[in-house]
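> Below is the sequence, then the predicted model.
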Amino acid sequence: MVRKITRDLKKQYRRLERYLRTLSIDLSDDSWYHHWHLHLDWDGFSHMEKHRRRHLWYYKQMLDKIEILTEGSRRAFQTYILVDGEDSIYDALFLHTSNPHSAFPLLLDGVDFSAPVPPVLEGLLDTCQYVVGRMEYRGSYIIQKKGLGLPMAQP
């Protein structure tokens, strides 16, 4: 059983590397994103804190890659990480632009930017570069990179 779990974890982390390597964003005038999102862990590997922290590190790397991919683009967008307060399989990276199906920009009410950073995020984020806010919904957190896209809420 231990060998299978180890093999599955190796596959999972190779999959995360592939997601990071192949992530692409199209911000041309013909494209749009309606709350597009990517869950890295539908299989539940990140229920253990050490694996959740590693998955969250990959989400952070994806924000960094989005910053590179959108450099020079004048198209408005929002991107953020949702860290679910109840179940790590719902953690996700989101991208949102103007689209025919929903309002843009998305503005969230009731985000507490003065709440302490949860232990699972401690040491992963430089608060000079990232904004972390606690939401009432499921005790979840949003993470946005400062200067990357439009803000979701006002700190």
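Received, thanks.

> Report the contact partners of the nearest residue to His101 once chain neighbours are set aside.
Excluding the flanking residues, the one nearest His101 by C-beta to C-beta, 6 or more residues apart in numbering is His34, at 4.7 Å. Where you see a C-beta, it was placed from the backbone N, CA and C, and this is true even at glycine. With contact set as C-beta atoms under 8 Å, 6 or more residues apart in numbering, His34 has these partners: His96, Asn99, His101, Ser102.

> Neighbour-wise, which one of those residues leads?
His96 (24 neighbours; other C-beta atoms under 10 Å).

> Surely it and Trp32 touch.
No. Using C-beta atoms under 8 Å, His96 makes no contact with Trp32, being 9.1 Å away.

> returning to what we had before: closest one to Val132 out of the contacts of His34, please.
His96 (18.6 Å; C-beta to C-beta).

> Could you save the contacts of His34 as JSON lines and add columns showing pLDDT and distance to Asp64?
As requested, these are arranged in JSON lines below (pLDDT from 0 to 100; distance: C-beta to C-beta, whole Å):
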{"residue": "His96", "pLDDT": "98", "distance to Asp64": "18"}
{"residue": "Asn99", "pLDDT": "97", "distance to Asp64": "24"}
{"residue": "His101", "pLDDT": "97", "distance to Asp64": "28"}
{"residue": "Ser102", "pLDDT": "96", "distance to Asp64": "26"}
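
> Pull the residues that contact the helix or strand bottoming out on mean pLDDT in the chain.
Ranked by mean pLDDT, DSSP states H and E, the helix or strand of the chain with the weakest confidence is helix 2-22, at a mean of 82. Helix 2-22 is touched from outside by Leu38, Leu40, Asp41, Asp43, Phe45, His51, Arg54, His55, Tyr58, Gln61, Met62, Lys65, with contacts defined as C-beta under 8 Å, 6+ apart.

> list the buried ones in it?
By 16 or more other C-beta atoms under 10 Å, the buried positions in helix 2-22 come out as Gln12, Leu16, Tyr19.

> Next SSE downstream of it?
Next helix or strand after helix 2-22 toward the C-terminus (DSSP states H and E): strand 36-38.
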